[in-house]
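A.B. asks: how would this look folded up:
(one chain, ligands or ions: 2)
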Amino acid sequence: MTKYLYINEPFTLEAGATLPSLTAAYHTYGQLNAARDNVIWICHALTANSDCEDWWPGLVGRGCTIDPEKYFIICVNMLGSCYGSTSPLSHNPKTGHPYGLDFPLITTKDNARFFSLVAGHLGIRGIRLLMGGSMGGQHALEWACMEPERFDLLCVLATNARHSAWGIAFNESQRMALRADTTLGTDSPGAGKAGLEAARAIAMLSYRHYRTYVGTQSEQEGEKYDDYRASSYQRYQGYKLWKRFDPLCYYALSRGMDSHDVGRGRGGVAKALQRIRASTLVISIDTDILFPIEEQAVLSRHIQNSRLEVMHSDYGHDGFLTEAVKIGEFLSDFLSDQLRIDASTKRAFTDALTGRKFAVPGSEEV
Ligand SMILES: CC(=O)SCCNC(=O)CCNC(=O)[C@H](O)C(C)(C)COP(=O)(O)OP(=O)(O)OC[C@H]1O[C@@H](n2cnc3c(N)ncnc32)[C@H](O)[C@@H]1OP(=O)(O)O
Ligand SMILES: N[C@@H](CCO)C(=O)O
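C.D. replies: Ligands and ions are numbered 1, 2, ... in the order given. So this is what the prediction gives:
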């Protein structure tokens with residue numbers, strides 16, 4: 001069930017605008033333990049929501065690696081999204097109408113600060129594992145650079161330290177499609193539909209791979225010269241997004257993704273990543289053309305204590321969603337290794353909220 005947190009204080013954004021108040025839509029699963037050291041925070045990607053059990057089945061849920069029986073799992077809907085947090089659909093007090101296209105730019109740094117603020121309001125300090133893929137990975141990296149002491153472990157998938165020119169070009173092409181639809185932001189029924197559908201169709205080309213399309217959408221050999229499966233697939237994917245997503249929010253989120261650069265204000269990407277204290281698992285997808293492996297290699301090279309795993313998927317970039325079971329296996333190995341390291345080094349944990357000391361996660365107070 002979606003929960004809501006209302007933060008009645010102004011929030012000044014990186015680009016200078018101020019939101020007068022904030023709404024955070026979020027989900028939690030499981031219970032916070034006495035030591036308060038079992039928090040897993042999941043950052044969602046572009047068009048998902050805070051219900052990570054729903055969109056990451058096989059990874060998050062009872063009996064999975066991220067199991068609510070063991071962990072207190074939290075996922076907060078990012079600012080700008082249409083799934084409940086403050087967004088272009090929110091009331092603009094200056095006009096008395098929804099913000100629409102006037103919604104200010106929300107950078108990945110703004111969203112990381114938003115998550116930190118929400119964590120504070122919910123009484124969460126130390127976080128055992130911070131995790132996210134794609135744009136969720138960008139938020140996780142930004143937050144881990146911003147507050148390195150908060151996190152023990154970090155797992156990022158199919159993501160980067162700075163959004164690439166290639167990724168920005170894909171996003172701009174999608175925004176061109178959105179803007180070409182002159183109904184965008186108007187009151188007309190179905191406003192922005194054609195633009196959003198075209199934008200999603202463009203995006204699909206970056207989320208999948210040549211082999212995904214050829215493997216699933218090819219025609220039988222024959223004499224066909226029109227009405228191809230690949231064409232109806234593109235149209236259907238556009239329509240499918242239209243049924244569940246808002247074009248103005250899509251526009252806002254794509255601008256936010258472009259803004260991503262952990263190095264901004266920190267002396268560059270390498271210096272920023274060197275700030276991260278969490279033991280880190282970086283997962284690449286061998287068919288990801290949007291966030292290719294070399295981008296995760298940069299993460300692994302500069303994050304002090306990191307491990308890079310390359311996962312096979314026929315799905316391309318979207319493998320970070322569809323290969324949940326494989327991701328769970330990588331993560332499970334990583335978590336087991338970390339517990340062994342914690343035990344052998346007798347690493348002591350101090351719960352930042354209570355000041356109590358614990359020998360290893362889940363152990364007795366010392
Ligand atoms: C409220 C919410 O729902 S938000 C939470 C859900 N969404 C998210 O979390 C966002 C992230 N998720 C995603 O991006 C996607 O769901 C993914 C990547 C996980 C999976 O993508 P899918 O679109 O389901 O997979 P795939 O590319 O195989 O397409 C399958 C769909 O295309 C249809 N399809 C396949 N070939 C064709 C074709 N030639 N012509 C028309 N339709 C086709 C299938 O019938 C199927 O339709 P369905 O989704 O209605 O069952
Ligand atoms: N399929 C993903 C791709 C972006 O990472 C989404 O729609 O969120």
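
A.B. asks: and the host helix or strand of residue 24, which residues are buried?
C.D. replies: Following DSSP states H and E, one finds residue 24 within strand 22-29. Of the residues in strand 22-29, 22, 23, 24, 25, 26, 27, 28, 29 count as buried by neighbour count, 16 or more other CB atoms under 10 Å. Using the backbone N, CA and C atoms, a C-beta is placed for each residue, glycine as well.

A.B. asks: dump those residues to CSV, plus distance to ligand 1.
C.D. replies: Below are the buried residues of strand 22-29 laid out as CSV (distance: CB to the nearest ligand atom, whole Å):
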residue, distance to ligand 1
22, 21
23, 18
24, 17
25, 12
26, 15
27, 12
28, 17
29, 16
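
A.B. asks: pipe the residues you listed into a markdown table and attach distance to residue 1 and pLDDT per row.
C.D. replies: Formatted as a markdown table, the buried residues of strand 22-29 follow (distance: CB to CB, whole Å; pLDDT from 0 to 100):
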| residue | distance to residue 1 | pLDDT |
| --- | --- | --- |
| 22 | 20 | 98 |
| 23 | 16 | 98 |
| 24 | 15 | 98 |
| 25 | 11 | 99 |
| 26 | 10 | 98 |
| 27 | 7 | 98 |
| 28 | 10 | 98 |
| 29 | 10 | 98 |
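
A.B. asks: same list, the residues you listed, but as TSV with distance to residue 274 please.
C.D. replies: Converted to TSV, these look like this (distance: CB to CB, whole Å):
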residue	distance to residue 274
22	31
23	35
24	30
25	34
26	31
27	33
28	32
29	33
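
A.B. asks: list just the nearest of those to residue 35.
C.D. replies: residue 28 (17.3 Å; CB to CB).

A.B. asks: element containing the nearest residue to that closest one once chain neighbours are set aside?
C.D. replies: Of all residues not flanking residue 28 in the chain, residue 74 sits nearest, at 4.9 Å (CB to CB, 6 or more residues apart in numbering). Under the criterion of DSSP H and E, residue 74 resides in strand 72-76.

A.B. asks: mind listing the strands the helix or strand that that strand is followed by pairs with, and their directions?
C.D. replies: Where DSSP H and E defines the elements, the next helix or strand beyond strand 72-76 is strand 91-92. Here strand 91-92 has these sheet partners by DSSP bridges: strand 97-98 (antiparallel).

A.B. asks: who's in contact with the strand it pairs with?
C.D. replies: 88, 89, 90, 91, 92 (CB atoms under 8 Å, 6 or more residues apart in numbering).

A.B. asks: number of residues surrounding the fourth one?
C.D. replies: Read that as residue 91. For residue 91, the count of nearby residues is 13 (other CB atoms under 10 Å).

A.B. asks: any idea how far it lies from residue 81?
C.D. replies: 16 Å (CB to CB, to the nearest Å).

A.B. asks: can you give me the helices for the stretch 101-250 of the chain?
C.D. replies: Using DSSP state H, counting those that start in this stretch, the helices of the stretch 101-250 of the chain run over residues 108-121, 135-146, 165-180, 193-207, 210-217, 229-244, 247-258.
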